[in-house]
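1. this is a predicted model, with the sequence first.
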Amino acid sequence: WRNHGYQDFDAFLNAFRHKRRNQFRRERREMDDQGIEFRVYTGDAITPEVVDQAFYFYAQTCERFGPWTSQYLKRPFWDEVSRTMPHRLQILLAGRADEPPVAGTLTLRKGDRRYGRYWGADEHVRFLHFNACYYFPIEQAIAEGVQVYEPGAGGHHKFGRGFEPAFTWSSHYLPDPNLRRILEDHVEREAEAVRHEVEALLASSPLKG
């Protein structure tokens, strides 16, 4: 997601066509209808108990999706970032008043960029995922002057909610010349396919203009 000069969340919504704009507002109202509120923790407010909750939700998601995901952020990582960079860390917990949280996310901020949204939930609440991972962080990003929010790879439901496709790169060295030759050809063709897909997505953006 990129901030194209939005002054507030309504300005962001106004970048969509009427039907989408009303859809997102309905999905946002659902949180009030179900009594869900968001509690944001950063800096000194990130206690070991808050980290426990956030890690629990993250681990739940990794376990639920099994072979399609990997719990690559081990528990020591969560303890380390909460100890060494609490000013960059933000943990969001969602729940009803005076009740334990039912969902949580983790993001990290540096400069005018926010990264993450490691998500998990104990309870299925309609549109909670969209609100906790997309709408609420975007609203915060606009208020805080964040220009780019990177919520992770994949997901056409993200594209439909104002996230734009972006290229990423990785660097590898393959010492075997035969394997390198085979993969170089494959990577070149794959990169061309990715370029075409990005062009097609941008041409069909739900954002007006």
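-> Received it, and whenever you're ready, just let me know what you need.

2. next, name the residue at the spatial heart of this structure.
-> Taking Cα atoms, centre = their mean, the centroid of the chain lies closest to P151, which sits 2.6 Å from it.

3. quick check: closest non-adjacent residue to that residue.
-> Computed as Cβ to Cβ, 6 or more residues apart in numbering, the closest residue to P151 that is not its neighbour in sequence is R117, at 4.5 Å. No exception for glycine: its C-beta is placed from N, CA and C like everyone else's.

4. so how many other residues sit close to the one you found?
-> 19 (other Cβ atoms under 10 Å).

5. any idea of the pLDDT on it?
-> You'll see R117 listed with a pLDDT of 82.

6. next: L89.
-> 96.

7. residues in contact with the nearest residue to it once chain neighbours are set aside?
-> Among residues not flanking L89 along the chain, V81 sits closest, at 5.5 Å (Cβ to Cβ, 6+ apart). By Cβ atoms under 8 Å, 6 or more residues apart in numbering, the contact set of V81 is R88, L89, L108.

8. do the same with G162
-> With Cβ under 8 Å, 6+ apart, G162 has these contacts: W1, F12, A15, F16, Y134, I138, P206, L207.

9. next SSE after the helix or strand containing L108?
-> Here L108, judged by DSSP states H and E, is contained in strand 103-110. Where DSSP H and E defines the elements, the next helix or strand beyond strand 103-110 is strand 113-116.

10. go through that next one and flag the buried ones.
-> By 16 or more other Cβ atoms under 10 Å, the buried positions in strand 113-116 come out as R114, Y115, G116.

11. reformat the residues you listed as TSV; add distance to A200.
-> Listed next are the buried residues of strand 113-116 as TSV, based on distance: Cβ to Cβ, whole Å:
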residue	distance to A200
R114	27
Y115	26
G116	27
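
12. tell me where the chain has strands.
-> Here the chain has its strands, by DSSP state E, at 37-42, 89-95, 103-110, 113-116, 120-121, 148-150.

13. adding distance to A193, write those strands out as a markdown table.
-> Formatted as a markdown table, those follow (distance: least, Cβ to Cβ, whole Å):
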| stretch | distance to A193 |
| --- | --- |
| strand 37-42 | 38 |
| strand 89-95 | 35 |
| strand 103-110 | 30 |
| strand 113-116 | 26 |
| strand 120-121 | 32 |
| strand 148-150 | 22 |
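
14. so which of those strands comes closest to H156?
-> Closest approach to H156 among the strands of the chain is made by strand 148-150 (16.7 Å; Cβ to Cβ).
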